[in-house]
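Chemist: Model the structure of this input:
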Amino acid sequence: LAALLEEFQEDYDFLAIPPATLKTMSYPQLLSLLCTRDALDDAGLLCSDFDREKAGVFVAATAGCDVAEAQCESFGTRRIFHRLRGLTEDGEKNDLEGLFQRYLEKFPDYALTPDSLPGRSTHLVAGRIAWAFDLHGPNITIDAACASSLAAIDCGVNSLRTGECDLVVSGGVDTWMTAD
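Modeler: Predicted coordinates:
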């Protein structure tokens with residue numbers, strides 16, 4: 001099952017995530033949280049009591065283009081400026097720092113902050129879902145390339161079969177494709 005989404009605006013207050021972190025979260029994380037909320041609501045579990053110790057999360061997520069680009073740009077830019085700093089004379093270092101600050105002001109999406117890295121890391125999707133919905137069972141993000149969603153669902157089903165979990169949230173999220 002797949003869907004093509006236009007850019008969306010949603011009320012994220014239910015997540016209780018600090019605004020600085022929320023602002024830097026990638027679409028895969030946001031979509032996962034919204035879909036989980038809707039799935040739990042559809043199942044009548046969003047506001048219900050259930051054994052959260054045996055509720056697991058198995059999600060397929062890969063680093064989509066937007067996330068990977070932002071991470072590479074941020075890390076690469078810092079690395080280049082660090083190398084250039086080593087090549088400058090003492091008086092030039094301030095000029096280089098000023099240039100770096102202007103770069104970050106012009107391209108704020110590429111700034112690396114304590115809030116941005118968790119928000120851009122797709123490997124944290126399952127953990128973010130578990131935290132947001134207070135699910136204490138296993139939470140695993142799976143990246144198996146084209147088989148990721150199938151692997152995540154397989155893990156979820158096996159967790160139910162073995163009795164490790166009584167409830168699982170399972171599926172996949174990716175933002176690589178466009179309607180074009």
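Chemist: S48 - how many residues pack around it?
Modeler: 8 (other CB atoms under 10 Å). Glycine gets a C-beta too; all of them are placed from N, C-alpha and C.
Chemist: Could you confirm it falls within a strand?
Modeler: No: S48: not assigned to a strand; according to DSSP: H, G, I helix; E, B strand; the rest coil it is coil.
Chemist: Show the backbone phi and psi for it.
Modeler: As for S48, its main-chain torsions (degrees, to the nearest 10) stand at phi -100, psi 160.
Chemist: and it, how far is that from L167?
Modeler: From S48 over to L167 the distance is 11 Å, taken as CB to CB, to the nearest Å.
Chemist: Mutual contacts of those two, please.
Modeler: By CB atoms under 8 Å, 6 or more residues apart in numbering, S48 and L167 have no common neighbours.
Chemist: in this structure, which helix or strand is least confident?
Modeler: Between all helices and strands in the chain, the lowest mean by mean pLDDT, DSSP states H and E belongs to helix 65-87, at a mean of 58.
Chemist: from memory C165 sits against V57, does it?
Modeler: No: using CB atoms under 8 Å as the test, C165 is too far from V57 to be in contact (9.3 Å).
Chemist: overlap in contacts of these two?
Modeler: 137-138.
Chemist: and these two? which has more neighbours close in?
Modeler: V57 (30 against 24).
Chemist: Any idea how many residues pack against L160?
Modeler: The burial count for L160: 16, using other CB under 10 Å.
Chemist: got the residue ranges for the strands in this protein?
Modeler: Using DSSP state E, the strands found in the chain span residues 55-61, 139-142, 167-173.
Chemist: average pLDDT across the first one?
Modeler: Mean pLDDT, taken over the full extent of strand 55-61, equals 94.
Chemist: What ranges in the protein fall below the confidence cut-off?
Modeler: Counting by pLDDT under 70, the chain has low-confidence residues at 1-11, 63-94, 96, 108-121, 175-180.
Chemist: Would you mind telling me which of the strands of the chain is nearest D38?
Modeler: Closest approach to D38 among these (CB to CB): strand 167-173, 11.0 Å.
Chemist: quick one: strands adjacent to that closest one?
Modeler: Using DSSP bridges, the strands paired with strand 167-173 in its sheet are strand 55-61 (parallel).
Chemist: neighbouring contacts of the partner strand?
Modeler: With CB under 8 Å, 6+ apart as the criterion, strand 55-61 contacts 28, 32, 36, 122-123, 125-127, 129-130, 135-144, 148-153, 155-156, 159, 164-174.
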